[in-house]
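**Q** With the sequence up front, the predicted model follows.
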Amino acid sequence: MRQNIHCFEYFLHFLLLLTSEKNNTTDKYYERGRTFISIDRDKAFKYFQAAYELYSETGNSKGQANALHWLGVTYRAESEWDKSIEYEQRAYEIYSKLNHKEGMGETIHNIGYCYYYLEKYKEAIPYFEKSIEIHKLGVMYRLIDSLFNLASSYKNLGNYSESIEHFKKCLEMDLEEGEKDAQARDLLELADSYKGLEEFTSSLKYYQQSYELYKELDYDFRQSEILEKIETILDSLKGEKELSKELNEEITKAKDLITQ
């Protein structure tokens with residue numbers, strides 16, 4: 001009887017060692033996949049797939065979700081949007097069962113991102129909205145990223161009132177974070193959105209603010225882009241007689257900027 005107990009204990013010990021070794025191997029495959037994603041995506045695919053299969057064998061649900069997520073990221077890097085959506089959705093289902101908020105937020109955001117680049121903006125919006133809800137108590141940069149992509153989706157649909165609301169939230173957060181590059185981007189998007197509404201006073205104001213920030217950041221190509229947009233507005237207003245005092249003031253400032 002004692003000998004049988006010792007044999008059973010040895011067998012359990014052997015199983016633990018085997019499982020531990022397999023987990024170590026799986027983690028190595030996973031990490032190698034993340035290393036190769038920017039170097040050799042074919043290898044990245046193979047490592048993530050191998051990791052997923054081994055995580056499945058050992059019943060590691062979080063590992064399975066991580067591997068599926070990174071397979072989705074790799075497909076996204078290859079612009080294979082539908083494949084990326086498929087793997088991110090599978091990862092999201094597992095993360096949801098585990099109530100893994102960070103994983104849920106990442107996968108939902110990436111699904112929205114894929115729909116955005118497929119120019120399916122209406123489909124992208126609910127995913128960005130869900131990502132925002134998940135990230136409100138989490139990572140700030142991802143919250144801002146989701147807000148910005150949501151605003152951009154509304155802008156591309158011509159819903160400028162909604163895009164302005166969300167770009168303003170992005171700007172507020174980027175001001176808190178001190179991210180000048182992002183602030184300049186937000187101001188430019190606000191200017192474009194106001195231009196879409198033909199609210200030229202606000203549009204010119206935001207273009208000029210964005211220009212000054214890009215000038216500080218030494219982004220010449222952005223400065224040139226903004227000057228062209230300002231000139232387009234000024235050309236469209238030529239011959240207009242009944243302009244508000246505020247708009248005339250912004251026009252004067254804009255002309256001064258162009259002639260600098």
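**A** It's in. Numbers count the residues shown, from 1 in each chain.

**Q** contacts and neighbour counts: CA atoms only from here.
**A** OK.

**Q** Now name the helix or strand holding A151.
**A** helix 140-156 (DSSP states H and E).

**Q** so what does that helix touch, helix or strand wise?
**A** helix 101-117, helix 121-135, helix 160-177 (3 or more Cα pairs under 8 Å, 6 or more residues apart in numbering; DSSP states H and E).

**Q** Most tightly packed of the ones you listed?
**A** helix 101-117 (a mean of 23; mean count of other Cα atoms under 10 Å).

**Q** Just list what it packs against, helices and strands only.
**A** Partner elements for helix 101-117 (3+ Cα pairs under 8 Å, 6+ apart): helix 61-77, helix 81-98, helix 121-135, helix 140-156.

**Q** For the helices and strands packed on helix 140-156, give me JSON lines that also has distance to Y92.
**A** Compiled in JSON lines, these are given as follows (distance: least, Cα to Cα, whole Å):
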{"stretch": "helix 101-117", "distance to Y92": "5"}
{"stretch": "helix 121-135", "distance to Y92": "12"}
{"stretch": "helix 160-177", "distance to Y92": "25"}
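
**Q** Including distance to E246 and mean pLDDT, could those helices go into CSV?
**A** Supplementary listing: the helices and strands packed on helix 140-156 in CSV, determined by distance: least, Cα to Cα, whole Å; pLDDT from 0 to 100:
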stretch, distance to E246, mean pLDDT
helix 101-117, 36, 95
helix 121-135, 35, 96
helix 160-177, 20, 96
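
**Q** residues making contact with the helix holding A151?
**A** 109, 113, 116, 121-122, 124-125, 128-129, 131-132, 135-136, 160, 162-167, 169-170, 173-174, 193 (Cα atoms under 8 Å, 6 or more residues apart in numbering).

**Q** Same list, the helices and strands packed on helix 101-117, but as CSV with distance to E212 please.
**A** Shown next, in CSV, are those (distance: least, Cα to Cα, whole Å):
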stretch, distance to E212
helix 61-77, 33
helix 81-98, 37
helix 121-135, 30
helix 140-156, 21
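
**Q** right, so the ones you listed: which one is the most enclosed?
**A** helix 61-77 comes out most buried of these by mean count of other Cα under 10 Å, with a mean of 24.

**Q** Export that one to PDB, keeping only CA atoms.
**A** Extracted in PDB, the C-alpha atoms of helix 61-77 (Å, rounded to 0.1, in the frame of the first residue of the first chain):
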ATOM      1  CA  SER A  61      -7.500  30.400 -20.800                       C
ATOM      2  CA  LYS A  62      -5.700  33.700 -20.300                       C
ATOM      3  CA  GLY A  63      -2.800  32.400 -22.400                       C
ATOM      4  CA  GLN A  64      -5.200  31.300 -25.100                       C
ATOM      5  CA  ALA A  65      -6.700  34.800 -25.200                       C
ATOM      6  CA  ASN A  66      -3.300  36.500 -25.200                       C
ATOM      7  CA  ALA A  67      -2.200  34.300 -28.100                       C
ATOM      8  CA  LEU A  68      -5.400  34.900 -30.100                       C
ATOM      9  CA  HIS A  69      -5.200  38.700 -29.500                       C
ATOM     10  CA  TRP A  70      -1.600  38.800 -30.800                       C
ATOM     11  CA  LEU A  71      -2.600  36.700 -33.800                       C
ATOM     12  CA  GLY A  72      -5.200  39.400 -34.400                       C
ATOM     13  CA  VAL A  73      -2.600  42.200 -34.000                       C
ATOM     14  CA  THR A  74      -0.300  40.400 -36.500                       C
ATOM     15  CA  TYR A  75      -3.100  40.100 -39.000                       C
ATOM     16  CA  ARG A  76      -3.900  43.800 -38.500                       C
ATOM     17  CA  ALA A  77      -0.200  44.600 -39.200                       C
END
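
**Q** I'd like the average pLDDT over it.
**A** The pLDDT scores in helix 61-77 average 92.

**Q** Can you check what angle separates that helix from helix 81-98?
**A** Calculated by axes from the mean of the first three to the mean of the last three Cα atoms, to 10 degrees, helix 61-77 forms an angle of 160 degrees with helix 81-98.
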